[in-house]
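In: this one's structure only:
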Ligand code: NAD
């Protein structure tokens with residue numbers, strides 16, 4: 001018996017680095033995986049890889065900033081894979097610049113993806129989970145929310161907002177058997193982190209600084225995250241809600 005046997009899980013940003021690794025791990029643990037991404041080709045690649053290895057997964061085009069698209073994709077996932085037991089809010093985007101060099105239009109996009117998008121997803125799945133009296137939600141924030149991060153002011157504010165939103169939804173929905181927890185990655189080797197290195201100007205120096213600062217001596221790899229995410233999504237974490245766990249090498 002695998003931990004997520006018979007469960008249906010949505011992973012937003014499932015076509016990306018951490019999201020793709022999470023989809024694969026969830027399928028290995030027995031879940032039927034709805035791979036949500038605005039980049040449908042990336043989502044299809046992840047879903048096809050899972051199906052090739054004997055798992056159950058389907059790709060759904062979903063820009064989480066568009067409420068109508070969210071509702072449509074959630075309805076399609078439910079009709080094809082079953083009622084949603086697990087939601088992983090993982091889609092994210094960042095701009096790497098000192099705050100005074102950013103533009104209000106960029107703040108709006110950062111807030112739309114990193115905060116409002118996650119709100120849309122909660123709003124779409126919570127009524128069904130509450131009616132069924134069960135549900136697991138794991139929100140992917142960032143260590144930037146806990147300790148700040150130069151060049152990521154608005155992103156950090158969104159992720160901080162996602163943490164306090166998660167703690168509140170955890171309280172509001174505990175009586176419905178729904179848990180809401182947060183995983184905070186540290187620097188992790190994905191496309192998003194490649195953009196960060198680019199933005200920092202001197203990627204080699206940045207990597208040296210990170211490697212020195214991280215007690216476990218390396219930045220994260222996408223496969224470092226799914227174990228913690230699957231734990232919160234499983235019944236092993238049935239009595240844990242409103243909590244924040246850093247997966248960042250210390
Ligand atoms: P990634 O760029 O590899 O993946 C992000 C995915 O989200 C992409 O597939 C992208 O298409 C998708 N996406 C972006 N906007 C979307 C939207 N509006 N609707 C639907 N999908 C959308 O990045 P990643 O590093 O795997 O990031 C995953 C999560 O981890 C993000 O929430 C990110 O903020 C967080 N995180 C990453 C790091 C890191 O260093 N990589 C550190 C801390 C937190």
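Out: Looks like it came in fine. Quick caveat, the model's predicted, so the values are computed rather than measured.
In: And the closest residue to residue 45 other than its chain neighbours, its phi and psi?
Out: Take residue 45 and drop its neighbours on the chain: the residue closest to it by Cβ to Cβ, 6 or more residues apart in numbering is residue 15, 6.9 Å away. In short, each C-beta sits where N, CA and C put it, glycine included. When read as degrees, to the nearest 10, the backbone of residue 15 gives phi -90, psi -10.
In: What distance do you get for residue 15 to the ligand?
Out: 4 Å (Cβ to the nearest ligand atom, to the nearest Å).
In: How about residue 150?
Out: 14 Å.
In: Report how many residues lie close to the closest residue to that residue other than its chain neighbours.
Out: Once flanking residues are discounted, residue 150 sits nearest to residue 98: 7.5 Å by Cβ to Cβ, 6+ apart. Residue neighbour count, defined by other Cβ atoms under 10 Å, stands at 10 for residue 98.
In: Count the neighbours of the residue nearest to residue 45 for me.
Out: Neighbour tally, residue 15, other Cβ under 10 Å: 24.
In: I figured the residue nearest to residue 150 hits residue 149, correct?
Out: No: between residue 98 and residue 149 there is no contact under Cβ atoms under 8 Å: 11.8 Å.
In: and the lengthiest strand in the chain, how far from the chain's centre?
Out: Counting by DSSP state E, the longest strand found in the chain is strand 178-185. For strand 178-185, the separation from the chain centroid amounts to 9 Å (computed by Cα atoms, centre = their mean, to the nearest Å).
In: For it, what does the pLDDT average out to?
Out: Across strand 178-185, pLDDT averages out at 98.
In: just the strands in the chain please.
Out: With DSSP E as the criterion, the chain has strands at 8-12, 32-37, 56-61, 86-89, 135-140, 178-185, 244-247.
In: among those strands, which is the most enclosed?
Out: Of all the strands of the chain, strand 32-37 carries the top mean neighbour count, a mean of 30, counting by mean count of other Cβ atoms under 10 Å.
In: now it and strand 8-12, what's the angle there?
Out: 20 degrees (axes from the mean of the first three to the mean of the last three Cα atoms, to 10 degrees).
In: tell me which strands and helices strand 32-37 is in contact with?
Out: Under the contact criterion of 3 or more Cβ pairs under 8 Å, 6 or more residues apart in numbering; DSSP states H and E, strand 32-37 touches strand 8-12, helix 17-28, helix 40-52, strand 56-61, helix 67-81.
In: Which elements pack onto the fourth one?
Out: Using 3+ Cβ pairs under 8 Å, 6+ apart as the contact criterion, the elements in contact with strand 56-61 are helix 17-28, strand 32-37, helix 40-52, helix 67-81.
In: Does the ligand have contacts with it?
Out: No: on the criterion Cβ under 6 Å from any ligand atom, strand 56-61 is out of touch with the ligand, staying 8.7 Å away.
In: Report pLDDT for the most centrally placed residue in the chain.
Out: By Cα atoms, centre = their mean, the chain has its centre lying nearest to residue 90, at 1.6 Å. For residue 90, the pLDDT comes out at 98.
In: same deal with residue 201?
Out: Looking at residue 201, its pLDDT stands at 76.
In: circling back: was I right to think the residue nearest to the centre of the chain contacts residue 21?
Out: No: using Cβ under 8 Å, residue 90 is not in contact with residue 21, being 10.0 Å away.
In: Say whether the ligand is contacted by the helix-or-strand element of the chain with minimal mean pLDDT.
Out: The helix or strand of the chain with the lowest confidence, counting by mean pLDDT, DSSP states H and E, is helix 191-200 at a mean of 83. Yes: interface with the ligand: helix 191-200 contributes 191, 192, 193 (Cβ under 6 Å from any ligand atom).
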